[in-house]
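**Student:** Pasted the sequence and its predicted model underneath.
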Amino acid sequence: MRIAILSRNANLYSTRRLKEAGEARGHEVDIIDTLHCYMDITSNNPTVRYKGEALPQYDAIIPRIGASITFYGTAVVRQFEMMNTFSINESVAISRSRDKLRSLQLLSRKGIGLPRTGFAHQPDNVRDLIKNVGGAPVVIKLLEGTQGIGVVLGETQKAAESIIEAFMGLNANILVQEFIKEAGGADIRCLVVGGKVIAAMKRQAAEGEFRSNLHRGGTAEIVRLSAAERKTAVDAAKAMGLNMCGVDILRSNNGPVVMEVNSSPGLEGIETATGKDVASMVFQFLEKTTRTSTRTKGKG
């Protein structure tokens, strides 16, 4: 197959591993810088152009769309979709997962476990907002934050009120969530591909830190999932419509709760922690899916 990885940096671990794994399985794999793509929208023959030439017809694409380029990145993915190229994650699913509020609302609608969460812009009663999610301590998040940036722990009622008022002064949209103390500063990253959890790791926050992101000094190790955790991860991916994603789960006294669903999960941490060849598993899914798609088209 001929496959394109949409990535801004060919040297990133995840991009490099995907290219290596694809080529090792006999595929032709190109890395395309998403922001350097441009499109002819009005043509009856939709194309994506790159460096002065029309890109070839790909069998599939793997979008590695960073949060900062979601708008343009999903437009490029849509153009490939118009060309009948299979995308491991559809453009609408990427957009859906990037909107933190929308994703939580969709997960809630499907009955998937979540921390008690409030959403606000200019609340008239900050105390009631905090009370409604169970009281301090609470986690306060900027709606547009990534990799733990814009996430603050309000340890006391007074501190939580001050943080919320500061964010309000910046005219920001915020999420206020209950603090799952029993998680002990740890979360579980489940990597879901094709409706199955193919790898999982436990991420532990650094001492004195409540955010478990590896970018913030957290450590990772392999973890055994319960049946409920596995089901929660699969159900969350399905609710978002994502074939490939990272689902971040906390172990609470009320069972697993989902913190986030990431449509472009990094591979370095989870491959290192689990020893699994996750990149090859991604291509196994693509091979199976595109073969099924080709057979279906042939019957039509």
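**Tutor:** Structure received. Numbers count the residues shown, from 1 in each chain.

**Student:** Let me see the contact set for residue 276.
**Tutor:** 198-199, 270 (Cβ atoms under 8 Å, 6 or more residues apart in numbering). (Glycine included, C-beta is placed from N, CA and C.)

**Student:** Most neighbours out of these, which is it?
**Tutor:** residue 270 (25 neighbours; other Cβ atoms under 10 Å).

**Student:** hang on, that residue in a helix?
**Tutor:** Yes - counting by DSSP: H, G, I helix; E, B strand; the rest coil, residue 270 is part of a helix.

**Student:** now it: how far from residue 4?
**Tutor:** 23 Å (Cβ to Cβ, to the nearest Å).

**Student:** cool, and residue 133?
**Tutor:** 43 Å.

**Student:** just residue 169 next, same as before
**Tutor:** For residue 169, the distance to residue 4 - Cβ to Cβ - is 44 Å.

**Student:** If you count surrounding residues, which of these two has more?
**Tutor:** residue 4 (24 against 8).

**Student:** And the contacts of the helix or strand that contains the more buried one?
**Tutor:** Per DSSP states H and E, residue 4 falls inside strand 2-6. With contact meaning Cβ under 8 Å, 6+ apart, strand 2-6 is reached by 15, 18-19, 22, 27-32, 34, 37, 55-65, 73, 76-77, 80, 283, 286.

**Student:** quick one: buried residues of that strand?
**Tutor:** 3-6 (16 or more other Cβ atoms under 10 Å).

**Student:** from those residues, which is closest to residue 113?
**Tutor:** Proximity of the buried residues of strand 2-6 to residue 113 was ranked by Cβ to Cβ; the top entry is residue 6 with 32.0 Å.

**Student:** That closest one bridge partners, please.
**Tutor:** Here residue 6 sits in beta bridges with residue 32, residue 63, going by DSSP bridges.

**Student:** per-domain residue ranges of the protein.
**Tutor:** 2-87, 117-179, 182-280 (automatic domain parsing).

**Student:** Run through the strands of the stretch 151-300 of the chain in chain order.
**Tutor:** Here the stretch 151-300 of the chain has its strands, by DSSP state E, counting those that start in this stretch, at 151-154, 174-178, 186-193, 196-204, 219-222, 244-252, 255-262.

**Student:** and of these, who's closest to residue 161?
**Tutor:** Among the strands of the stretch 151-300 of the chain, the nearest to residue 161 by Cβ to Cβ is strand 151-154 (7.7 Å).
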